[in-house]
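>>> Here is the input, now give the coordinates:
(chains A, B and C)
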Amino acid sequence: MPELPEVEVLRRSLEPLLRGRTIRRVEVRERRLRERVPRGFEAAAAGRRIEGLRRRAKYLLIDLSGGATLVIHLGMSGRLTVVGEQVEREPHEHLAFYLSGRTRLRLRDPRRFGLALLVPTALLERDRHFAALGVEPLADEFSGELLARVAHRRRGPVKNFLMDQRIVVGVGNIYATEALHRCEIRPTRSVARLSRERFERLAAAVREVLEQAIGEGGTTLNDFTDGRGEAGYFQVELAVYGRPGEPCPRCGGTIRRIVQAGRSSFYCPDCQR
DNA sequence: CGGGCGGCCTGGAGGC
DNA sequence: TGCCTCCAGGCCGCCC
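Coordinates of the predicted model:
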């Protein structure tokens, strides 16, 4: 579900709902997420005030008073919403944060690929989840020149390169697929054989597709919503992702599906070379 | 050390 | 209706 745009949309929608509230009590119904939620998590989070929300890669960072940051990753099926404290528990609601103002922040995650942990704010960048992450694609330093530099002496398909979080963060299967279509590069193309000019177009396409998706509230294929439960609209803009057999909106060619690194790729064989 | 692949989970869709 | 297979937005660890 969540790539960078979805996490960013979530962050923006949650910020006004959460900032300034105090975590009064935490309930963990299921500890077995991608990593086990440690005993003591509830006690360590309780009593802290929510100071602000940030995002790094696909991680949502909720800064708390007392120098702690609540780190949440949604995996494939996670959903984080704010509801009234009395609202009935939904299926797979593994974590519930009861907040001041009679509200509750809840994490639902059927597949349990998500993550929730508490990290000292000052040590975030050294935490093993963050230490090896690459550049933020919406940051000024992200450019075709940077991509070309990092790609030096690398091999393999450009799509795998784009989805490698050590290179650039936040780009998952949907947006890698769509960005490659926008800049007319075939996903199987070797990264070692991309010209400097094509790296520039690729970087521009990545930035453009992410920004547009954020503006549209993210992509809701199945169940993504923002913190208020609102779905996104970018799925209607998807040119090739999930559309095998349909005509390419640019040239009319027939969209193909292939598998790369165990993931579906979609591309137009006529205009992506 | 870089890259490929299976595994982790549950649920929805589609075929028969 | 029910059963089966396939597939899914991510990431990690193991293997070569």
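>>> and chain A, which of its residues are near DNA strand B?
Within chain A, the residues that sit near DNA strand B (C-beta under 7 Å from any atom of the strand) are A:32, A:34, A:77, A:91-92, A:110-113, A:154-157, A:160-161, A:164, A:191, A:222, A:261-262. The C-beta positions use only the backbone N, C-alpha and C, and glycine is treated the same way.
>>> Which ones among those map onto helices?
Judged by DSSP state H, these include A:Asn160, A:Phe161 as members of helices.
>>> From the residues of chain A next to DNA strand B, list the buried ones, please.
Using 16 or more other C-beta atoms under 10 Å as the burial test, those include A:Ser77, A:His92, A:Arg112, A:Pro157, A:Asn160, A:Phe161, A:Asp164, A:Val191 as buried.
>>> so who does the second one touch?
Okay, so that is A:His92. The neighbourhood of A:His92, defined by C-beta atoms under 8 Å, 6 or more residues apart in numbering, consists of A:Glu30, A:Arg108, A:Asp109, A:Pro110, A:Arg112.
>>> For A:Pro137, see how far away it is.
For A:His92, the distance to A:Pro137 under the criterion C-beta to C-beta, to the nearest Å works out to 30 Å.
>>> Next, count neighbours for the residue in the stretch 151-273 of chain A that DNA strand C sits nearest to.
In the stretch 151-273 of chain A, no residue comes nearer to DNA strand C than A:Gly172, which is 2.1 Å away by C-beta to the nearest atom of the strand. Other residues lying near A:Gly172 total 19 when counted by other C-beta atoms under 10 Å.
>>> Thought A:Gly75 was touching it, still the case?
No: because the distance of 11.3 Å does not satisfy C-beta atoms under 8 Å, A:Gly172 is recorded as not touching A:Gly75.
>>> contacting residues for the closest residue to A:Arg154 other than its chain neighbours?
Spatial nearest neighbour of A:Arg154, excluding adjacent residues (C-beta to C-beta, 6 or more residues apart in numbering): A:Val191 at 5.5 Å. By C-beta under 8 Å, 6+ apart, A:Val191 lies in contact with A:Ala151, A:Arg154, A:Arg155, A:Gly156, A:Pro157, A:Val158, A:Phe161.
>>> Tell me which other helices or strands whichever helix in chain A runs longest touches.
The helix of greatest length in chain A, counted in residues with DSSP H as the criterion, is given as helix A:196-215. Counting by 3 or more C-beta pairs under 8 Å, 6 or more residues apart in numbering; DSSP states H and E, the packing neighbours recorded for helix A:196-215 are helix A:4-18, helix A:144-151, helix A:158-163, helix A:173-182.
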